[in-house]
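Enquirer: For reference, the sequence and a predicted model appear below.
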Amino acid sequence: MTATVGAEPQGARAAPPVPPTTAQPRVEEAERRRQLLQALTTEHFTLQTARSATIADSNGRSALYLSTVSGAVVALAFIGQVDRLGRAFHLFALALLPALVLLGILTYLRLVQTAVEDLFYARAINRIRRHYVDLDPEAARWFVLCGFDDPAGVMAAMGLATPGSAAPSHGHLWSHAATMVAVVTSIIGGWGRPWPPTPWVPAGCRWPPAPPWAPSSRS
């Protein structure tokens, strides 16, 4: 028979507990930073897609409004040729021009709203870009756009101001799609309003001719 020599209790053979080290928190911090960077990259892509959607919406609404105005002008020209600028022409214009003005106002409001949304998305993208720069300050030279979310930085990132300027320029508002729609709508609204005849111009020589509902100078 074989005897076991020097047998120890099972509890005595257990390994002693390992004291916690500083490596574990570092691994958890690196994993947290990796997940945050992945989430910010996804958010950056989502915001860029949202900016593209606002630009496409603005272009589509502007094109819809201008095509509607173009078709209305052609229709007015046909009615004017057939009726020779008579009562039917004025009644048709009276029914058509208010609708164009209403469409222009709604289009203008939507274009302003999309512009504000685009500015909000650009500001959020600048904040994410700033985080990219903070990860490695030496890599800031590889980013063409700045990472500041103040008005000057956001306008510079959108190409509407000179980088480093003290205050953003407001000259881009003159070329904005909303400004174009506002000007066209104002012209239509001013053309369609009734106007009294000019006292120093004969009624038969006045252009454009006064609509039939305009007050007469003889009354």
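Expert: Received, thanks.

Enquirer: Extract the C-alpha set from the least confident helix or strand in the chain by mean pLDDT and format it as CSV.
Expert: One helix or strand of the chain scores below all others by mean pLDDT, DSSP states H and E: helix 151-157, with a mean of 76. Only the C-alpha atoms of helix 151-157 are listed here, as CSV (Å, rounded to 0.1, in the frame of the first residue of the first chain):
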residue,chain,number,x,y,z
PRO,A,151,-20.2,82.4,-34.0
ALA,A,152,-16.9,83.5,-35.7
GLY,A,153,-15.6,79.9,-35.7
VAL,A,154,-18.9,78.4,-37.0
MET,A,155,-19.2,81.0,-39.8
ALA,A,156,-15.6,80.4,-40.8
ALA,A,157,-16.2,76.6,-40.9
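
Enquirer: buried set for the helix or strand just after it?
Expert: Of the helices and strands lying after helix 151-157 in sequence (DSSP states H and E), the nearest is helix 177-192. Neighbour-count burial for helix 177-192, counted by 16 or more other Cβ atoms under 10 Å, picks out 177-178, 180-182, 184-185, 188-189. Just so you know, the C-beta spots here come from the backbone N, C-alpha and C atoms, and that holds for glycine as well.

Enquirer: which residues does S67 contact?
Expert: Listed by Cβ atoms under 8 Å, 6 or more residues apart in numbering, the contact set of S67 is empty.

Enquirer: and the least confident helix or strand of the chain, what does it pack onto?
Expert: The contact analysis (3 or more Cβ pairs under 8 Å, 6 or more residues apart in numbering; DSSP states H and E) places helix 151-157 against helix 87-135.

Enquirer: Alpha carbons only: can I get stretch 33-49 in PDB?
Expert: Extracted in PDB, the C-alpha atoms of stretch 33-49 (Å, rounded to 0.1, in the frame of the first residue of the first chain):
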ATOM      1  CA  ARG A  33     -12.100  56.600 -24.600                       C
ATOM      2  CA  ARG A  34     -12.300  54.200 -27.600                       C
ATOM      3  CA  GLN A  35     -16.100  53.900 -27.200                       C
ATOM      4  CA  LEU A  36     -16.500  57.700 -26.900                       C
ATOM      5  CA  LEU A  37     -14.400  58.200 -30.100                       C
ATOM      6  CA  GLN A  38     -16.500  55.700 -31.900                       C
ATOM      7  CA  ALA A  39     -19.700  57.400 -30.800                       C
ATOM      8  CA  LEU A  40     -18.400  60.800 -31.800                       C
ATOM      9  CA  THR A  41     -17.400  59.500 -35.200                       C
ATOM     10  CA  THR A  42     -20.900  58.200 -35.700                       C
ATOM     11  CA  GLU A  43     -22.400  61.500 -34.500                       C
ATOM     12  CA  HIS A  44     -20.100  63.400 -36.900                       C
ATOM     13  CA  PHE A  45     -21.300  61.300 -39.800                       C
ATOM     14  CA  THR A  46     -25.000  61.800 -38.800                       C
ATOM     15  CA  LEU A  47     -24.600  65.600 -38.400                       C
ATOM     16  CA  GLN A  48     -22.900  65.800 -41.800                       C
ATOM     17  CA  THR A  49     -25.800  63.900 -43.400                       C
END
